[in-house]
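Engineer: Need a 3D model of the following:
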Amino acid sequence: FCTRPFQRISQGDMSDTPNVVTGDLEAPTTEAPEELRDTASESAAARREIHDMWVAGTEEPAWMRSYTDEGAQEMLEADQDPAVDLHRGTVVEDDFIFEEPADDDELQILNMGPQHPSTHGVLRLHLELDGETIRRVKPIIGYLHTGMEKTAETLTYMQGSTNVTRMDYLSPMHMELAFSLAVESLLGVEIPERGQAIRVLLTELNRVSSHLVWAATQGTDLGAVSMLIYGLRDREYILEFFEKTTGLRMNHNFIRPGGVAADLPDGWEEDVERIIEKVSQGVAEYEELLNGNPIFQDRTIGVGVITPEECKALGASGPIARASGINWDIRKAFPYSGIDKYDFEVPTGKHGDVWDRYQVRIAEIWQSLGIVKQVLEKMPPGDYRTPDRKVTPPPRKRIDESMEALIHHFKLFTSGFKVPVGETYRAVESPRGELGMYIVSDGRERPWRMHARTPSFNHVQALPTMMTDSLVADIVATIASCDPVLGDVDR
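Structural biologist: Just a heads-up that it's a prediction; the model follows:
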């Protein structure tokens, strides 16, 4: 809560974080709570309070140091904390049938990550094992914390896309789109049809490229090493098009409040046709390679099961929820950017295991390619950004001809534009699930608060439900099937 890092806090300093109940500013303190000073009489509630405490930018007092030390993050005892139900994957009715667990002295704790290559990022798992069987799982996050939500309060709305695009670095277009839709809903501006079609084209191509990375890493994690070569090979066609269109292969800052940064380049139609052809051929090869592979089937069928009830309880969305049989897609439920003008289906599974998640994502690649083909055929003419000059900079030619246009351009990119007072939440369907942006405006050029509802956070939370009472050998398959991006977990 400290606003002046690397300095000791005096009692008179005030935090910028308001009290969640009264809204008043509070003076931060590093004094031990009264009931915690006697550590000999520590209760379960007191232990939990210490577990949740973190003081940033200060030197930790001795009474706190032992509790915030990384090694102190042990498995919580069953009779001390309700979070143990989440560790055991029993927040809702368990879908596994197993024998009675062994005695406590026969259990062992195994630490996996955060440097493990198969955790798909700096994810750390505490595993309680009964032989080869997992009895409890405790995900530990925070090793990649970037503070992007707090950083957003220091950036203008014009600069915001540069910040959020780095959260989910495998689907930056969706991050930019969610942020832009939220800002535009506060501004009340409409985007021209061509600008909306360009957004749909880029985000659906980004969905395909993200799923290609998943296919490459999922196959590699399960022993189909050739998939890494094939998946990245086909993704390269899309990244080349992104680089030609936006100037960058990732973290584009191309979808912005008011439209997109520029029109599509000359020859974009031929580039998109080539992507559709090459990726279609590649995905057909994946299915031929994996669908009938008995080893791949044994490693995925019946592994990492999560039921529809568990998905709803834990907030899982996207391919994970759809693989469990939940027919839910933000593009259908709350259409955005004219996505409802295009014909596509929402693939669903039945069993909620790794195999069904594989099938759903492969089917989504085909559906997204179909949307891209429709955009290619129906791309409307016109402008690619709103005509509202309070949001859109003047044309490049006008800057050379008019001093007023030059001043207008300078002010927009230095001071930004003001957004009316209000709050909003807008969501899009990212490759991983529901991605939403909640923004509160106080009428200035910068957000007063911004919060990102990112799917990977909920999916990491659901890992204990999928892993508990399964085998150690299934850990890597389950994590890969969730396709987590730790950048949007530790944001």
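Engineer: Would you map the strands across this protein?
Structural biologist: Secondary structure of the chain (DSSP state E): strands located at 108-112, 124-130, 133-140, 255-256, 259-260, 422-430, 433-441, 449-453.
Engineer: neighbours of Leu232, just the number please.
Structural biologist: Residues lying near Leu232 (other C-beta atoms under 10 Å) number 15. Just so you know, the C-beta spots here come from the backbone N, C-alpha and C atoms, and that holds for glycine as well.
Engineer: Grab the nearest non-local neighbour of it.
Structural biologist: Ala216 (5.5 Å; C-beta to C-beta, 6 or more residues apart in numbering).
Engineer: State the distance from the one you found to Tyr230.
Structural biologist: 7 Å (C-beta to C-beta, to the nearest Å).
Engineer: And Ile475, by the same measure?
Structural biologist: 24 Å.
Engineer: With neighbour numbers in mind, choose between the two.
Structural biologist: Legend: neighbour count by other C-beta under 10 Å for Ile475 and Tyr230, higher for Ile475 (25 against 19).
Engineer: wait, isn't the more buried one in contact with Leu123?
Structural biologist: No: judged on C-beta atoms under 8 Å, Ile475 makes no contact with Leu123 at a distance of 11.1 Å.
Engineer: Give the full set of residues in contact with the residue lying closest to Gly142 once chain neighbours are set aside.
Structural biologist: Distances taken as C-beta to C-beta, 6+ apart place Asp490 nearest to Gly142, at 5.8 Å, with adjacent residues excluded. Neighbouring residues of Asp490 by C-beta atoms under 8 Å, 6 or more residues apart in numbering: Val122, Ile141, Gly142, Tyr143, Leu144, His145, Thr146.
Engineer: Pull out the buried members of the residues you listed.
Structural biologist: By neighbour count, with 16 or more other C-beta atoms under 10 Å, the contacts of Asp490 hold Val122, Ile141, Tyr143 as buried.
Engineer: and the second one, what pLDDT?
Structural biologist: In this case it means Ile141. Ile141 carries a pLDDT value of 88.
Engineer: Show the contacting residues for it.
Structural biologist: Leu123, Arg124, Val460, Leu486, Val489, Asp490.
Engineer: With respect to Lys350, which of these is nearest?
Structural biologist: Val460 (24.2 Å; C-beta to C-beta).
Engineer: quick one: the closest one and Ile479 touch, right?
Structural biologist: No: applying C-beta under 8 Å, one finds Val460 not in contact with Ile479, separated by 9.0 Å.
Engineer: Find the residues that touch each one of the two.
Structural biologist: Applying C-beta under 8 Å, 6+ apart, one finds that Val460 and Ile479 are jointly contacted by Leu123.
Engineer: More neighbours: those two, which one.
Structural biologist: Ile479 (30 against 22).
Engineer: any chance of the contacts of Asp490 in JSON lines, with distance to Cys311 too?
Structural biologist: Output for the contacts of Asp490, formatted as JSON lines (distance: C-beta to C-beta, whole Å):
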{"residue": "Val122", "distance to Cys311": "25"}
{"residue": "Ile141", "distance to Cys311": "20"}
{"residue": "Gly142", "distance to Cys311": "24"}
{"residue": "Tyr143", "distance to Cys311": "26"}
{"residue": "Leu144", "distance to Cys311": "25"}
{"residue": "His145", "distance to Cys311": "27"}
{"residue": "Thr146", "distance to Cys311": "28"}
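Engineer: For the closest residue to Ser210 other than its chain neighbours, the count of nearby residues, please.
Structural biologist: Ranked by C-beta to C-beta, 6+ apart and with sequence neighbours excluded, the top spatial neighbour of Ser210 is Pro431, at 3.8 Å. Residues lying near Pro431 (other C-beta under 10 Å) number 27.
Engineer: Same check on Asp329?
Structural biologist: Counted with other C-beta under 10 Å, residues neighbouring Asp329 total 24.
Engineer: what's the spacing between it and Gly349?
Structural biologist: 14 Å.
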